[in-house]
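Trainee: Turn this into a structure:
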Amino acid sequence: MITRTGPGRLIRVKERINGAMYREILSDNLLLSARALKMKRGWVFQHDNDPKHTARATKEWLRKKHFKVLEWPSQSPDLNPIENLWRELKVRVAQRQPQNITALEEICMEEWAKIPATFPERPE
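Mentor: As a prediction, this is how the structure comes out:
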């Protein structure tokens, strides 16, 4: 999760994500991140049109939890703000050259924590 107040929690996913796992990740992390970032009521959740995001069960889960969801235009990956953040994280991690999966996870967490709330800086 990323917001205008900064990045939320980063979690390690150990296997391929399906719809049920996606909902579990949201259940375990979405509100915790929103609270940690001191987000006010009325925030809007945005995710792309990945099938697990648009599955009927996911839409129903979000509706039951009363999350406001921004409709996502089809074929618009350039609108996804997290892509720039993933690129930044990949660059930072590659510079540190992790030697194994444990180091990779630790470095990812450390570098994620260093990403400023102002990322990306917007020119005035």
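Trainee: hey, let's count contacts and neighbours off CA atoms from now on
Mentor: Will do.
Trainee: quick one: low-confidence parts of the protein?
Mentor: Scanning the chain for pLDDT under 70 picks out 77-79, 120-124.
Trainee: Would you tell me which helix is longest in it?
Mentor: Longest helix of the chain, by residue count under DSSP state H: helix 19-36.
Trainee: quick check, distance from that one to the centre of its chain.
Mentor: On the basis of CA atoms, centre = their mean, to the nearest Å, helix 19-36 sits 10 Å off its chain's mean C-alpha point.
Trainee: Give me the buried positions along it.
Mentor: Using 16 or more other CA atoms under 10 Å as the test for burial, helix 19-36 gives G19, R23, L26, N29, L30, S33, A34.
Trainee: Give me the residues contacting it.
Mentor: M1, G8, R9, P51, K52, H53, A55, A57, T58, W61 (CA atoms under 8 Å, 6 or more residues apart in numbering).
Trainee: List buried members of those residues by neighbour count.
Mentor: Buried by 16+ other CA under 10 Å: M1, G8, R9, K52, H53, T58, out of the contacts of helix 19-36.
Trainee: what does the host helix or strand of the fifth one contact?
Mentor: What it means is H53. Assessed by DSSP states H and E, H53 sits inside helix 51-54. By CA under 8 Å, 6+ apart, the residues outside helix 51-54 that reach it are N18, G19, Y22, H47, T58, K59.
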